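Asker: what follows is a protein structure lacking sequence information:
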């Protein structure tokens, strides 16, 4: 690996996978014991401070976050429309002159708020490695091939029912420098907007049955198994197409809408 | 994951590779002009800029900052075109990535207040490699009406100063410290959870 990558990740360590895995298991065992004693302690989000993910050590706030209600501007969200995103941008396999290499997949699902209402007309962006585990990015120097026919970046606007669909190539796992022989499970990054800007989020979708799950400090920073499972798509044969692609289904739930100003708005559409 | 479960989906780090910018490509993130909410030559334009630091005071070169704000009159933008910019429309949203020395830059306008008696601010979301979930904060403007008695700022006491930009001509300077003595105040709104170890 290049010296440049080492410099970019000053916390890269020579820890073994076994010692990182043991740290993860310790943190999870303590978490499970806490939830057994008091079920209100159940966690649904990642910890910002998760030591097995070394880069989190200097990048998590140490002071209490300030609890407050959103103000008017925060109860609104940026607006996007079909002027902003062309329909073809949701197909990552047609952005170049040739076909990308790899297993063609479709990923389909819905974006909902915490009350189960569809998040309509909002932007979803994805980015991912190619079928060899390589990103097109100057900082990714992993010696796996770049696919000249795959950029790995796509966009879509959600439908009236909150639905989205991307056609892409199944990404491969790739190595990183958190510890010796660290490999990320295959994943697709998702960026999402809600009806309030407080719902803005970025996450990662994983593929079922990945043998790297237990070893990965980013996935395991979500201490609760049920919460981790929410990031794993389901293989869905109804999304699979004859002689064309395999299919996955994944719904995304944003935090409950905090909007109290325009309760009537939704009735116009239903 | 299926629809019966309405527990919020967990966030994850943006990672080191949040897309890339290449003007020759139609699809990219960050996108063209994402950091210019108004053209830099606009008479109303100010630059909002600062550096993102980790707990040792080291600049973070792989962070992404987004802002969302009202226009100079306090109106909340509702028109689309947030990605493909019409220089005559103000859509209120911007995205910038930090450069090799951890600095981000936006060209925007100073927002007006959306509520009487409250200080105007620019809402900021921070994403970075190593940061496992998004963080929300606000940039308040120095010397604006309401700044001395805004409820949120008063409640924060001395820490409120981490949220008030410094004015330098047509620049608003706002550094973000993820950790440490000068740690920026981050907000937790209802419905959000940040588990503590």
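Answerer: That came through fine. Owing to the predicted nature of the structure, the values given are computational and were not obtained by experimental measurement.
Asker: from here on, just use CA atoms for contacts and neighbour counts.
Answerer: Noted.
Asker: so which strand or helix has the residue in the stretch 151-270 of chain A positioned nearest to chain B?
Answerer: The minimum distance from the stretch 151-270 of chain A to chain B, using Cα to the nearest Cα, falls at residue A:203 (4.3 Å). If you go by DSSP states H and E, residue A:203 is part of strand A:201-206.
Asker: helices or strands up against that strand?
Answerer: Judged by 3 or more Cα pairs under 8 Å, 6 or more residues apart in numbering or on different chains; DSSP states H and E, the packing partners of strand A:201-206 are strand A:187-192.
Asker: distance from the strand it packs on to the middle of the chain?
Answerer: 4 Å (Cα atoms, centre = their mean, to the nearest Å).
Asker: the residue nearest to the spatial centre of chain B: what secondary structure?
Answerer: Nearest to the mean C-alpha position of chain B, counting by Cα atoms, centre = their mean, stands residue B:124 at 2.4 Å. For residue B:124, the assignment made with DSSP: H, G, I helix; E, B strand; the rest coil gives strand.
Asker: wait, isn't it in contact with residue B:66?
Answerer: Yes: counting by Cα atoms under 8 Å, residue B:124 touches residue B:66, with 5.6 Å between them.
Asker: can you show me the helices along chain B?
Answerer: Secondary structure of chain B (DSSP state H): helices located at B:151-156.
Asker: quick one: mean pLDDT over the helix or strand following the strand holding residue A:203.
Answerer: Next in sequence after strand A:201-206, counting helices and strands by DSSP H and E, comes helix A:225-229. Computed over helix A:225-229, the mean pLDDT rounds to 98.
Asker: tell me the mean pLDDT over the next helix or strand after helix A:225-229?
Answerer: Downstream of helix A:225-229, the first helix or strand assigned by DSSP H and E is strand A:234-235. Strand A:234-235 shows a mean pLDDT of 98.
Asker: repeat for stretch B:190-197
Answerer: In this model, stretch B:190-197 carries a mean pLDDT of 92.
Asker: is that stretch positioned near chain A?
Answerer: Yes: residues of stretch B:190-197 contacting chain A under Cα under 8 Å from any Cα of the partner chain: B:190-197.
Asker: can you select the buried ones among those for me in ChimeraX?
Answerer: Burial among the residues of stretch B:190-197 next to chain A is assessed by 16 or more other Cα atoms under 10 Å in any protein chain shown; the matching ChimeraX selection reads:
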select /B:192,193,194,195
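Asker: returning to what we had before: and the strand holding residue A:203 with strand A:187-192, angle?
Answerer: 150 degrees (axes from the mean of the first three to the mean of the last three Cα atoms, to 10 degrees).
Asker: need the residues that contact strand A:201-206.
Answerer: A:185-193, A:231-233, A:250, A:254, B:10-14, B:133-134 (Cα atoms under 8 Å, 6 or more residues apart in numbering or on different chains).
Asker: if you count neighbours, what's buried in it?
Answerer: So strand A:201-206, judged by 16+ other Cα under 10 Å, has buried residues A:201-206.
Asker: let me know the next secondary structure element after the top strand by length along chain A.
Answerer: Counting by DSSP state E, the longest strand found in chain A is strand A:104-112. Next helix or strand after strand A:104-112 toward the C-terminus (DSSP H and E): strand A:123-128.
Asker: isn't there a helix covering residue A:18?
Answerer: Yes: assigned with three-state DSSP, residue A:18 falls within a helix.
Asker: for residue A:236, phi and psi?
Answerer: phi -130, psi 110 (degrees, to the nearest 10).
Asker: if I look at it, how far off is residue B:180?
Answerer: 46 Å (Cα to Cα, to the nearest Å).
Asker: now the residue of the stretch 151-270 of chain A closest to chain B: how far from residue A:189?
Answerer: From residue A:203 to residue A:189 the distance is 6 Å (Cα to Cα).
Asker: find residues that contact each of the two.
Answerer: Common neighbours of residue A:203 and residue A:189 (Cα under 8 Å, 6+ apart) are residue B:14.
Asker: to what extent is residue 186 buried, counted in neighbours?
Answerer: Because you didn't say which chain, this covers chain A. 23 (other Cα atoms under 10 Å in any protein chain shown).
Asker: right idea, wrong chain: chain B
Answerer: Per other Cα under 10 Å, the neighbour tally for residue B:186 reads 23.
Asker: can you name the residues bridging to the residue lying closest to it once chain neighbours are set aside?
Answerer: Spatial nearest neighbour of residue B:186, chain neighbours left out: residue B:137 (4.8 Å); criterion: Cα to Cα, 6 or more residues apart in numbering or on different chains. Assessed by DSSP bridges, residue B:137 has beta-bridge partners residue B:124.
Asker: wouldn't residue B:137 be in contact with residue B:123 here?
Answerer: Yes: under the criterion of Cα under 8 Å, residue B:137 is in contact with residue B:123, at a separation of 6.2 Å.
Asker: about what we covered before: distance to residue A:241 for the residues of stretch B:190-197 next to chain A - can I get that in CSV?
Answerer: Output for those, formatted as CSV (distance: Cα to Cα, whole Å):
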residue, distance to residue A:241
B:190, 41
B:191, 38
B:192, 38
B:193, 39
B:194, 40
B:195, 40
B:196, 44
B:197, 44
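Asker: where does the chain have low pLDDT?
Answerer: Using chain A. A:1-12, A:257-270 (pLDDT under 70).
Asker: wait, chain B was what I had in mind.
Answerer: In chain B (pLDDT under 70), the answer is B:1-3, B:20-28.
Asker: quick one, phi/psi of residue 174?
Answerer: If you meant another chain, say so; for now it's chain A. phi -150, psi 160.
Asker: let me rephrase: I mean chain B.
Answerer: phi -150, psi 100.
Asker: pretty sure it is touching residue B:168, no?
Answerer: No: the criterion here is Cα under 8 Å, and residue B:174 misses it with residue B:168 at 10.8 Å.
Asker: for the two, indicate the residue with more neighbours.
Answerer: Taking other Cα under 10 Å, residue B:174 and residue B:168 do not tie; residue B:174 has more neighbours (24 against 10).
Asker: check contacts around the more buried one.
Answerer: Per Cα under 8 Å, 6+ apart, neighbours of residue B:174: B:48-51, B:139, B:163-166.
Asker: quick one: which of these is most hemmed in?
Answerer: Busiest of the contacts of residue B:174 [other Cα under 10 Å] is residue B:48, holding 24 neighbours.
Asker: in the sheet, who's paired with that one?
Answerer: residue B:106, residue B:172.
Asker: what's the spacing between it and chain A?
Answerer: 18 Å (Cα to the nearest Cα, to the nearest Å).
Asker: and residue B:140, by the same measure?
Answerer: From residue B:140 to chain A the distance is 13 Å (Cα to the nearest Cα).
Asker: tell me, how many residues neighbour that residue?
Answerer: By other Cα under 10 Å, neighbour count at residue B:140 equals 25.
Asker: who's in contact with stretch A:241-251?
Answerer: A:103-112, A:205, A:232-240, B:1-3.
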